[in-house]
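A.B. asks: This is the structure alone, sequence omitted:
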C-alpha cells in the first residue's frame, strides 16, 4: 500500500493527518468552552494556518492531544477520541458525546495527496465546525457555570461508547479517502439526559430570584481531583498568575472548559470558586514552571484541568508510576493517564505537592456565607430570625428534601375558601414547627411589619393570590344531575331560537 | 455533467425567516468559500485564511457558524431581507391567518466564455433550493414551541448539508489566474466563494405564484 506512495507524499500525508487530528481536537474543545468563537479571515496566507482555516491553538489542548497520541497517528485500529462529559455541582457526571477520528482500510490510490486530500480535510474541518454547534452538548456547554461544567478527555485506541447510555445517536461529519485509508470523523451523542432532570441542573431561577444552593459550601467538594480547565489569552501564560493554581498533576487528560466569566475567582483576588478543584490545590508559582501547560490556562481560576476518569484509560496512557507520584496527599486517582514527555515536570510538581493541600486550602480558601443561607441546626428558628424569604432558607443540609421550591408543603387547612383547591408554593410557609397546622397565622411577608389592621399584607396576599372559584364549579351547581341539565336544554334552545336575529346581527358586526 | 440539486424544506414563523435562511445559506457558503488566491509566477498559487464566527439566533434556539466576512454577510443579509419582505408582503396582501410558501435558491455556477456577440454562459453545477413555509402562530406558547422545534429542524438541515458536501462530488477544477473569475467570486476582500447567485420566488398556500395572486386580487377589486 505504502509502496505506491512517493516518500514525499507519504511524508506530507502523515503531516496532514497529524495536524488534522490536532485541529480536530481544538475545534471540538473550543466549541465546548461555552463561548462564541470568532476568528478573522486573512487574505494573505500566514503560512501557519493549517488547512487555510483560522483555528486558534489552545496550547494546553494541543499538549494533551499530543500526549494522548504519544507520537502515533490515527490509523487503522487506532482511533483518536475526544470525550465530552458534564459534571454537576453535586458531583454527578455524565458522558455527553464522543467524537471519533478513525481510519479504515478503504484506500483511494489515485487521489492527489498534496492537493485533493488537503482540500478535503479542510472541508471536513469546516463541517466539524458546523456540526459541533448542532449536537445537544453545544447548548449545554453554553449554559455551563454554577450548576455544572463541561469536561473533555482525549484518548487514543479503541472507541468507548458505553458511557453514552442507551439510544445514543451517531452523526457522521464526513470522510476523506487517502492512499493509506479512509479517514472518518463522527460523533456519538447521548440522547437520554434523564438524570439531569432529577437533579434539576436545568432549573431556572426560582421565584424571587433566589437560587437555594447558591451559597452551598464547596459544591464540587467531592471531586477534589477534578479541576476546571480555563483558558485565557496566551499573553497571560507566563506566570501572570500567582497564587491560585491548580495544576493538579493528576494527569489524566480531562479538562473542564468553564468559561472565565462564570466562575467567581479572579486571578489576583482569590475567592473560592463555585467549581472546586482549584480551591483545593492551590500551589504557588512552584508549579508554574513545572506545568507550564496548565498554568497557561489561567483563565478562570486556577483551574487546572485534570479529571481522573473513572474508567481506565486505554492504550497510550500508561505511565502509572510517574503519575501516581504526582498525586496530592489525600487523593487517590482512579487512573493515571500518560504523562507523556513531562518526566521532569512531573517530578518537580511532585515536590511542589508535598505541601499538604489542606494547609493550602486554609490559607487560600475563604468561605463566603451569603445572605439567605441557613446554617444547619438553626432552621427551626429561621422565622423568628425575621429573615426575609425565611421560607427558602434550607432547613437541613439535605436541601432538596425540605426544599419548599421542590416539594411544595401540604396545603394547610385554612379558613379561607380560596385556598381550597390550590396551594401556594411555600410562600405562605414559614419556619413554624411542624406541630402547628395553621401556618397562615405566622406568615411574615418580606419587608412588611405586623400592624394593627385586621388585614395585613400576608393575609391579603393569601386571600387574593388565587383567582376565585368559578361559579360553575361551586358545589351547588355540581350537585345538579345530568338529567336535569338535559331537561333544561330544550327550553334554552327555544329561547335562543327566538333571539336568532340578535345573534345574526352580532355575528355580522364581527365581520 | 449534470447540475447537482438539493432541496431543503423548513417551516418557520414570519419573524424567523431571516435567521433560518441566514443559517442555512451561510452554512453552505462556509463550505463553498476558500481564502483569497494569490498566484505566483511559476503558475502556483497560495490561499488565504478563512476565519469563522459563531452567530446566535434571536428568534430561534439555534447557533450557526459563518465565514468571517462582513462583506459577504451584508450581501447575504440583503438578499434574505428582500426574500423576507416579499413573504411578508404576500401575507399582508392575503390577510391574516394565511400561510405562505417561498423558495430561496442558492446556485453555484461557472462562467463559460463565449465568443462575441454571444454573452458568457452561466453553467450551474450545484443548486440548493430552500423551501420555506411561513406559518402564523396564535399565541406565545406556540411561538416558544416553534422556537425550539425550528432550532432542531435547522440542526437536521445542517447535518443534511454536511452530508451532501462530504460526498465530494463534482467541484470545478482549480482555475489558472486568467480563469479565476469564471469559477470564483473575487470581488470580496477577504474570502473567495465560488460564483453564486441567489434567487427566490414566493407562492401562496395554493401554490400559485405571487404575480398570479396579485393579478387575481386586482381583477376581483375591479369586478366589484
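C.D. replies: That came through fine. Predicted model, so just to flag it, every value in this text is computed and none were measured.

A.B. asks: name the helices or strands packed onto the lengthiest helix in chain A?
C.D. replies: Criterion DSSP state H: the longest helix present in chain A is helix A:7-31. Judged by 3 or more C-beta pairs under 8 Å, 6 or more residues apart in numbering or on different chains; DSSP states H and E, the packing partners of helix A:7-31 are helix A:59-69, strand A:79-88, strand A:93-104, helix A:118-131, strand A:148-157, strand A:181-189. Just so you know, the C-beta spots here come from the backbone N, C-alpha and C atoms, and that holds for glycine as well.

A.B. asks: For whichever residue of chain B sits closest to chain A, which residues are in contact?
C.D. replies: Residue nearest to chain A within chain B (C-beta to the nearest C-beta): residue B:166, separated by 3.4 Å. Contacts for residue B:166 (C-beta atoms under 8 Å, 6 or more residues apart in numbering or on different chains) come out as A:123, A:124, A:127, A:172, A:173, A:174, A:175.

A.B. asks: What is the burial count for residue A:83?
C.D. replies: Per other C-beta atoms under 10 Å in any protein chain shown, the neighbour tally for residue A:83 reads 25.

A.B. asks: partner residues bridging it?
C.D. replies: residue A:98, residue A:153 (DSSP bridges).

A.B. asks: So it versus residue A:161, what's the distance?
C.D. replies: When distance is defined by C-beta to C-beta, to the nearest Å, residue A:83 is 10 Å away from residue A:161.

A.B. asks: sorry, back to before: with distance to residue A:490, pLDDT and neighbour count as extra columns, can I get the contacts of residue B:166 in TSV?
C.D. replies: Converted to TSV, the contacts of residue B:166 look like this (distance: C-beta to C-beta, whole Å; pLDDT from 0 to 100; neighbours: other C-beta atoms under 10 Å in any protein chain shown):
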residue	distance to residue A:490	pLDDT	neighbour count
A:123	75	95	23
A:124	75	96	27
A:127	70	96	24
A:172	68	94	16
A:173	70	95	25
A:174	72	95	23
A:175	74	94	18
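
A.B. asks: Out of these, the closest to residue A:106 would be?
C.D. replies: Using C-beta to C-beta, residue A:175 is the member of the contacts of residue B:166 that lies nearest residue A:106, at 9.0 Å.

A.B. asks: doesn't the closest one fall inside a strand?
C.D. replies: Yes: assessed with DSSP: H, G, I helix; E, B strand; the rest coil, residue A:175 lies in a strand.

A.B. asks: ok, the nearest residue to it once chain neighbours are set aside - contacts?
C.D. replies: Counting by C-beta to C-beta, 6 or more residues apart in numbering or on different chains, residue A:175 lies nearest to residue A:184, which is 4.9 Å off, once chain neighbours are set aside. Counting by C-beta under 8 Å, 6+ apart, residue A:184 touches A:100, A:101, A:102, A:103, A:104, A:172, A:174, A:175.

A.B. asks: Tally up the residues packed near the closest residue to residue A:123 other than its chain neighbours, please.
C.D. replies: Distance criterion C-beta to C-beta, 6+ apart; nearest residue to residue A:123, sequence neighbours excluded, is residue B:31 at 6.1 Å. Using other C-beta under 10 Å, residue B:31 has 21 other residues around it.

A.B. asks: element containing residue B:78, please.
C.D. replies: Secondary structure from DSSP states H and E places residue B:78 in helix B:70-94.

A.B. asks: for the helix or strand following that helix, packing partners?
C.D. replies: Per DSSP H and E, the first helix or strand lying C-terminal to helix B:70-94 is strand B:100-112. Here strand B:100-112 touches helix B:17-31, helix B:70-94, strand B:121-135, helix B:180-183, strand B:196-204, going by 3+ C-beta pairs under 8 Å, 6+ apart.

A.B. asks: How about the residues of chain B by chain A?
C.D. replies: B:27, B:30-31, B:34-36, B:38, B:46-54, B:56, B:61, B:63-65, B:67-69, B:155, B:158-159, B:161-163, B:165-166, B:168, B:174, B:189-191 (C-beta under 8 Å from any C-beta of the partner chain).

A.B. asks: among those residues, which are in helices?
C.D. replies: Counting by DSSP H, the residues of chain B next to chain A contribute B:27, B:30, B:31, B:155, B:158, B:159, B:161, B:162, B:163, B:165 to helices.

A.B. asks: Okay, the fourth one and residue A:193: tell me how far apart.
C.D. replies: It stands for residue B:155. Distance from residue B:155 to residue A:193, by C-beta to C-beta: 16 Å.

A.B. asks: the more surrounded of those two?
C.D. replies: The residue with more neighbours, out of residue B:155 and residue A:193, is residue B:155; 23 against 15, by other C-beta under 10 Å.

A.B. asks: Could you double-check that the more buried one sits in contact with residue A:136?
C.D. replies: No: using C-beta atoms under 8 Å, residue B:155 is not in contact with residue A:136; the gap is 9.0 Å.

A.B. asks: Model confidence for residue 211, exactly?
C.D. replies: The chain I'm using is chain A. Here the pLDDT value assigned to residue A:211 is 37.

A.B. asks: let's do chain B instead
C.D. replies: Predicted confidence (pLDDT) for residue B:211: 59.
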